[in-house]
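Engineer: Sequence first, then the predicted structure:
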Amino acid sequence: MNRRLADTLLPDPYSSHVRPALFGQRAAVSAAHPLAASAALEIAALGGGAADVVIAAQAVTSVLMPEAGGVGGDGFFLIRGADGTVTAVNAAGNAPAAFQGVVADDGTSVTVPGVVAGWGELSARFGKVPLAVALAPAVRIAEEGTPIRAETLRAVASQRARLVRGGSEHWPFFATETGQHVRQPALAATLEAIGRQGAQWFYEGEMAAAVASAVAAQGGALTSADMAAHASVVDVPLSLDWKGLRIHVQPPMSQGVLLLMALAAYDKLEIPADGRDHASVELTQAAFAFRNEISRGKRLLEEPLPIDLARASLRGGPRSYLHTAGAAAADKDGVVVSSLISVFDDFGSAILVPEGGFMLNNRAAGFTQGSNTARPGAMPVHTLAPILVEAGDVTFALATPGADGQVQTLLQILVSLVEGGCDLPMAIDRFRWRSEDGKLLIEGAHPARGSLTARGHPIVDTSEGDTRFGAVVSAGFDGVRPFCCSDWRRETWSSAV
């Protein structure tokens with residue numbers, strides 16, 4: 001079969017359309033890549049629950065999509081336990097103790113990678129199978145190899161100079177072509193050791209020293225002591241009752257509270273049907289003015305968000321960053337997990353830890369000003385904002401990549417569910433807008449394009465499935481059985497067993 005015919009039969013996964021909801025008996029999962037969803041089902045078949053399933057999906061994503069996430073990055077988890085209690089696990093890392101407060105595109109941008117500790121926390125608190133079992137599919141895929149994704153190849157090409165500077169000339173992904181089979185033996189060994197010896201292995205001994213050495217070679221201050229001192233933060237979520245739903249978001253330093261701010265202000269307005277998208281754009285922009293004050297947490301809900309329902313304010317606010325990968329899962333016991341992983345920019349700092357086969361994050365680039373000013377031992381504001389939604393007997397997870405677009409996408413889905421007459425697949429399928437850098441991107445033939453234009457929004461027509469509109473993963477429990485649903489955008493996929 002020639003390449004042209006193959007392309008016709010197998011269309012671009014970023015633009016194939018609507019995905020239905022799927023129901024399972026043991027578990028249901030939605031993930032950033034089809035192989036991540038398949039790996040999750042392997043673990044469910046071995047007795048794994050929602051937590052194990054998410055770990056498996058995230059680990060496979062880390063192998064397949066290193067530009068978006070990996071063991072050198074961070075993660076955030078919201079978990080609804082079988083007893084109904086919702087727990088927030090912040091698996092992000094702090095700036096080094098000797099951090100000088102100046103961030104450049106080098107080792108100074110690296111914070112302690114937190115996702116591995118998050119996997120350990122999730123497994124210990126909610127897992128049903130050993131961590132080694134959950135990580136086994138990722139180990140196998142890294143050992144045996146897989147064809148490189150076109151998106152990863154694009155990222156390698158665009159980041160080539162940074163990758164060279166970060167020591168990646170001999171990294172398996174560096175000199176590859178579309179469809180080439182890529183094996184990652186060093187990463188396989190790292191994941192196998194994490195499973196066999198526990199998550200703390202990653203933060204001690206030779207691997208911690210290797211991370212510190214890679215950062216020091218690029219001008220950073222991260223040390224083995226910083227690695228050893230790291231631990232995930234386990235807390236209660238920030239929550240809001242909104243139009244019959246209870247919305248849970250990550251506490252600081254996630255910017256998920258900006259979503260609650262927009263929802264709380266939306267609830268106080270009398271918004272005509274043709275003004276819902278306009279109001280949501282305006283409330284999003286107003287909420288993002290408080291991004292640097294995320295540490296205030298739920299007290300931010302006391303801040304007024306005045307908007308004009310007739311005209312666009314043109315105040316701007318959200319930025320154009322992207323990246324991140326999601327995984328959501330639910331099981332027969334009613335456990336539901338919403339999660340995101342990220343290394344921040346494409347390949348994070350682009351600094352390779354050759355002994356471990358992974359890239360390190362550049363999350364310190366998230367420091368800005370005010371209470372989010374760069375300083376030793378601090379955690380920057382994080383764009384990662386997975387949510388959990390409770391609606392009577394139903395609990396479901398929603399998460400999407402897209403940096404500042406995350407809050408915007410989630411707001412649009414929630415408004416569509418409550419006021420737009422949409423079910424969950426319809427709400428995920430609906431065309432989206434994204435406010436960034438003072439412009440309003442409009443996806444495809446968005447039905448609100450005319451009303452948004454009439455209210456003075458600076459419209460930028462954008463193609464359907466553009467990566468900037470996110471890629472939602474969703475899974476939940478309806479009181480009887482687990483279910484899942486995923487976006488048609490990017491390569492997201494859902495599976496149930």
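Structural biologist: Noted; the coordinates are in hand.

Engineer: part of a helix, is Q200?
Structural biologist: Yes: applying DSSP: H, G, I helix; E, B strand; the rest coil, one finds Q200 inside a helix.

Engineer: mind checking how far N361 is from G69?
Structural biologist: Separation of N361 from G69 (C-beta to C-beta, to the nearest Å) stands at 9 Å. Where C-beta positions appear, they are placed from N, C-alpha and C, glycine not excepted.

Engineer: And for the residue nearest the centre of the chain, nearest residue in space, chain neighbours not counted?
Structural biologist: The chain has L340 as the residue nearest its centroid, 3.1 Å off, counting by C-alpha atoms, centre = their mean. Leaving aside its chain neighbours, L340 sits nearest to L384 (4.4 Å; criterion: C-beta to C-beta, 6 or more residues apart in numbering).

Engineer: I figured the one you found hits H323, correct?
Structural biologist: No: using C-beta atoms under 8 Å, L384 makes no contact with H323, being 10.0 Å away.

Engineer: contacting residues for D106?
Structural biologist: R165, Q218, G219, G220, S349, I351 (C-beta atoms under 8 Å, 6 or more residues apart in numbering).

Engineer: In this structure, where is pLDDT below threshold?
Structural biologist: Applying pLDDT under 70 to the chain picks out residues 1-18, 320-322.

Engineer: Touching, R315 and A287? I think so.
Structural biologist: No: using C-beta under 8 Å, R315 is not in contact with A287, being 10.9 Å away.

Engineer: And these two? Which one has more around it.
Structural biologist: Neighbour count, other C-beta atoms under 10 Å: between R315 and A287, A287 has more, with 27 against 13.

Engineer: Am I right that that one falls within a helix?
Structural biologist: Yes: if the criterion is three-state DSSP, then A287 is within a helix.

Engineer: Domain-wise, how is the chain divided?
Structural biologist: Following automatic domain parsing, one gets these domains for the chain: 13-235+325-387, 238-321+391-473+478-496.

Engineer: Could you say which of those is packed most deeply?
Structural biologist: Among the domains of the chain, domain 13-235+325-387 has the highest mean neighbour count (mean count of other C-beta atoms under 10 Å), at a mean of 22.

Engineer: gap between that domain and the chain center?
Structural biologist: 10 Å (C-alpha atoms, centre = their mean, to the nearest Å).

Engineer: Same check on stretch 396-414?
Structural biologist: On C-alpha atoms, centre = their mean, the centre of stretch 396-414 falls 10 Å from the chain's centre.

Engineer: Overlap of the contact sets of N361 and G69?
Structural biologist: S342, V343.

Engineer: any chance you could map the helices in the stretch 201-350 of the chain?
Structural biologist: 205-217, 224-229, 257-266, 276-288 (DSSP state H, counting those that start in this stretch).

Engineer: Show me what the strand or helix carrying V415 packs onto, helices and strands only.
Structural biologist: Assigned by DSSP states H and E, V415 belongs to helix 405-418. Packing partners of helix 405-418 (3 or more C-beta pairs under 8 Å, 6 or more residues apart in numbering; DSSP states H and E): strand 245-249, helix 257-266, helix 276-288, strand 394-399, helix 424-429, strand 433-436.

Engineer: Using CSV, write out every CA atom in it.
Structural biologist: Output of helix 405-418 as CSV, limited to C-alpha atoms (Å, rounded to 0.1, in the frame of the first residue of the first chain):
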residue,chain,number,x,y,z
GLY,A,405,-6.4,27.0,27.8
GLN,A,406,-7.3,24.3,30.4
VAL,A,407,-9.5,26.5,32.5
GLN,A,408,-11.2,27.9,29.4
THR,A,409,-11.9,24.5,27.9
LEU,A,410,-13.3,23.1,31.2
LEU,A,411,-15.5,26.2,31.7
GLN,A,412,-17.0,25.8,28.2
ILE,A,413,-17.7,22.1,28.8
LEU,A,414,-19.4,22.8,32.2
VAL,A,415,-21.6,25.6,30.7
SER,A,416,-22.5,23.3,27.8
LEU,A,417,-23.5,20.6,30.2
VAL,A,418,-25.6,22.7,32.5
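
Engineer: can you give me the strands in the stretch 301-450 of the chain?
Structural biologist: All strands of the stretch 301-450 of the chain, identified by DSSP state E, counting those that start in this stretch, fall at 325-331, 336-342, 351-353, 358-360, 387-391, 394-399, 433-436, 439-443.

Engineer: Which of these sits closest to S486?
Structural biologist: Nearest to S486 among the strands of the stretch 301-450 of the chain is strand 325-331; the distance by C-beta to C-beta comes to 8.6 Å.

Engineer: and the closest one, what other elements does it pack with?
Structural biologist: strand 27-31, helix 34-45, helix 50-64, strand 336-342, strand 394-399, strand 473-477, strand 482-486.

Engineer: Compare the ones you listed and report which one is nearest to G84.
Structural biologist: Across the helices and strands packed on strand 325-331, closest to G84 is strand 394-399 (C-beta to C-beta), at 8.2 Å.

Engineer: returning to what we had before: biggest separation within the contacts of D106, which pair?
Structural biologist: Counting by C-beta to C-beta, the most remote pair of the contacts of D106 is R165 and G220, 13.0 Å apart.

Engineer: ok, back up a step: compile the helices and strands packed on strand 325-331 into a markdown table and extend it with columns for distance to T368.
Structural biologist: Formatted as a markdown table, these follow (distance: least, C-beta to C-beta, whole Å):
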| stretch | distance to T368 |
| --- | --- |
| strand 27-31 | 31 |
| helix 34-45 | 32 |
| helix 50-64 | 27 |
| strand 336-342 | 17 |
| strand 394-399 | 23 |
| strand 473-477 | 28 |
| strand 482-486 | 32 |
